[in-house]
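Visitor: following is a predicted model, sequence given first.
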Amino acid sequence: MVAVTRSLAPPVPRRAPAAGPWRAWRAWRSRLESAGVVAFRPDRSAGADPACWPWPGLWPFRWAGAAIVVATVLFTGLDVLAAVTGARTSGVAGPWAGLMLQLVCDLALLLVMRFPLAVAGLMLAGGVLFTGTELVSPGLLVPEPTLTGNPLLPAATATVVFILVQLRGGRAPWVLVGALVALAVQPWEPAWDTVALGLLASAVPALAGRFVQARRQNLADLRERAERSDREQHLLAERARAEERARLASEMHDVVSHRVSLMVLQAGALQVAATDPATRDAAGALRGAGVTALDELRELVGVLREPGPSGGGEQLATSPRVGPEPGAPGPDQLGELLAASRAAGLAVRGTGLDDLAGLPAAVARAAHRVVQEGLTNVHKHAPGTEAGVSVRRAADAVVVEVRNTACGGGAPDSRRTGTAELAATGAGSGLRGLRERIELLGGTFAAAPVPDGGFAVTATVPVPR
């Protein structure tokens, strides 16, 4: 019923297109734009920026507008000065006829960026009037006596030609340039000064403008090629980085996990077959440590195989867990680390250890590794000092710091000798590996001396929401 009601409804009369001079102007504007005579909108191919072209603005660039205004004022001032201090026309049009025509051509220079072909045509028309009246009625538009070598063109012709060949392509600009050159060199009365000045006022600006346009285009092409090359190099680097990450993950998974899996299987068999309770307990502990190592290796391989921040990585399949889901290290585990360090003779205190509770497993393990590596370095390189472990948790990150005081030489000689031999075995790989682990999780890592003479290891690890 609704469809029938709509079909029986009388059609709404369409509004007739607006008629009048505005419609005619739009039609003529479309024709002129399609013919390339004028440009009512910025020409992107010529490098015009629409953001710098306010309607109804005259110039696509501010610097171009300033240069054109300065040139217009210069040509107008010179023409007025020449007319006031020099000879005037003596024809029936009056003494200021030539000046008026020159001023019209000079002021038309303000429109050259928007109507280049039209302004060039006006210059050609002015040159035809000057040359024609000089041949037919001397003194009508050109003051007598005529200067030697005068090309009889408007003063702004060279500037208009220079801009025209940069803004417009095709035959039309060069047809106008050829006509201006023919008028300027005056082939009906050839003279070396007239030909030289005529070419200088018409042909040379055209060639100079074409050279500037070609150079600008070449620079744009080179800039685009350099940017494209930079993008390609960046993509290649990202691809190589992703392939290297995948290769490292595959090697770690295939080699290390294989060896550890054999160790876990042999430990399990030993646990089942052993009759001595101590041996059985030791085999069980070894098997548990191997299972934990496999799970941590699986997690690390998964991080390596994830796509990078730019999306250049390749998501690969992950292996299943070997053992049950292990609990994340918490305050108790950190307390055990501190207790073991105290038992080894290191004075260590801990603050904020309870902030480690409730963190994701990966973040908690990373914090645990930071404390473990930091205390290990204190044992190696700073025996007899005091160490502090602090954990600070914010809304979206956790900050772990291990700091020791300056070495004061208070450790026994035997301990200094033993730790010196132990420190000689270090190559800094622990801190490097710890930095990589923290950065893989999206955090920041710093290990550097502090102003009081001690050393601090600080890691900030983001906490996923």
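Guide: Cool, the structure landed. On a predicted model such as this, the values are computed, not experimentally measured, just so you know.
Visitor: okay, now the domains of the protein?
Guide: Following automatic domain parsing, the chain resolves into domains at 26-201, 331-462.
Visitor: using CSV, lay out those domains together with distance to Glu227 and mean neighbour count.
Guide: In this view, the C-beta of every residue, glycine as well, is placed from N, C-alpha and C. Formatted as CSV, these follow (distance: least, Cβ to Cβ, whole Å; neighbours: other Cβ atoms under 10 Å):
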stretch, distance to Glu227, mean neighbour count
domain 26-201, 16, 17
domain 331-462, 29, 17
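Visitor: any chance of the ones you listed in CSV, plus mean pLDDT and distance to Asp295?
Guide: Converted to CSV, those look like this (pLDDT from 0 to 100; distance: least, Cβ to Cβ, whole Å):
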stretch, mean pLDDT, distance to Asp295
domain 26-201, 78, 57
domain 331-462, 78, 9
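Visitor: now these in CSV, with distance to Arg245?
Guide: Formatted as CSV, these follow (distance: least, Cβ to Cβ, whole Å):
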stretch, distance to Arg245
domain 26-201, 42
domain 331-462, 10
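Visitor: nearest to Arg247, out of the ones you listed?
Guide: domain 331-462 (15.7 Å; Cβ to Cβ).
Visitor: and that closest one, how far out from the chain's middle?
Guide: Chain-centre distance of domain 331-462: 39 Å, with Cα atoms, centre = their mean, to the nearest Å.
Visitor: got it, and stretch 122-138?
Guide: In terms of Cα atoms, centre = their mean, the centre of stretch 122-138 is found 55 Å from the chain centre.
Visitor: equivalent analysis for stretch 446-463, please.
Guide: 33 Å.
Visitor: can I get the CA coordinates of that stretch in PDB?
Guide: Presented in PDB, the C-alpha positions along stretch 446-463 are these (Å, rounded to 0.1, in the frame of the first residue of the first chain):
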ATOM      1  CA  ALA A 446      70.100   1.900  32.200                       C
ATOM      2  CA  ALA A 447      73.300   0.800  33.900                       C
ATOM      3  CA  ALA A 448      75.700   3.500  34.800                       C
ATOM      4  CA  PRO A 449      77.800   4.900  37.800                       C
ATOM      5  CA  VAL A 450      76.000   7.300  40.100                       C
ATOM      6  CA  PRO A 451      77.400  10.600  41.500                       C
ATOM      7  CA  ASP A 452      78.200   9.100  45.000                       C
ATOM      8  CA  GLY A 453      80.700   6.700  43.500                       C
ATOM      9  CA  GLY A 454      78.400   3.600  43.400                       C
ATOM     10  CA  PHE A 455      76.700   1.900  40.500                       C
ATOM     11  CA  ALA A 456      73.000   1.600  39.600                       C
ATOM     12  CA  VAL A 457      71.000  -0.700  37.300                       C
ATOM     13  CA  THR A 458      67.600   0.600  36.500                       C
ATOM     14  CA  ALA A 459      64.900  -0.900  34.400                       C
ATOM     15  CA  THR A 460      61.400   0.500  33.600                       C
ATOM     16  CA  VAL A 461      59.000  -2.200  32.200                       C
ATOM     17  CA  PRO A 462      55.600  -1.300  30.900                       C
ATOM     18  CA  VAL A 463      52.700  -3.200  32.400                       C
END
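Visitor: and the helices in the stretch 101-250 of the chain, which stretches?
Guide: Taking DSSP state H, counting those that start in this stretch, the helices of the stretch 101-250 of the chain run over residues 116-136, 157-167, 172-185, 192-201, 203-251.
Visitor: what's the closest of those helices to Ala282?
Guide: Closest approach to Ala282 among the helices of the stretch 101-250 of the chain (Cβ to Cβ): helix 203-251, 30.6 Å.
Visitor: buried ones in the next helix or strand after the closest one?
Guide: Next helix or strand after helix 203-251 toward the C-terminus (DSSP states H and E): helix 257-273. For helix 257-273, burial by neighbour count (16 or more other Cβ atoms under 10 Å) applies to 257, 260, 263-264, 267-268, 270-271.
Visitor: ditto for stretch 200-213
Guide: 201-206, 209-210, 213.
Visitor: go on, stretch 241-248?
Guide: Within stretch 241-248, the residues scored as buried using 16+ other Cβ under 10 Å are 242, 245-246.
Visitor: so how far is that stretch off the chain centroid?
Guide: Distance, stretch centre to chain centre, for stretch 241-248: 26 Å (Cα atoms, centre = their mean).
Visitor: what about Ala93, which SS state?
Guide: Here Ala93 is coil, with the state taken from DSSP: H, G, I helix; E, B strand; the rest coil.
Visitor: all helices for the stretch 251-400 of the chain, in order.
Guide: Counting by DSSP H, counting those that start in this stretch, the helices of the stretch 251-400 of the chain are 257-273, 277-305, 331-343, 361-381.
Visitor: so which of the buried residues of helix 257-273 is the closest to Ser229?
Guide: Ranked by distance to Ser229 (Cβ to Cβ), those are led by Ser257 at 40.7 Å.
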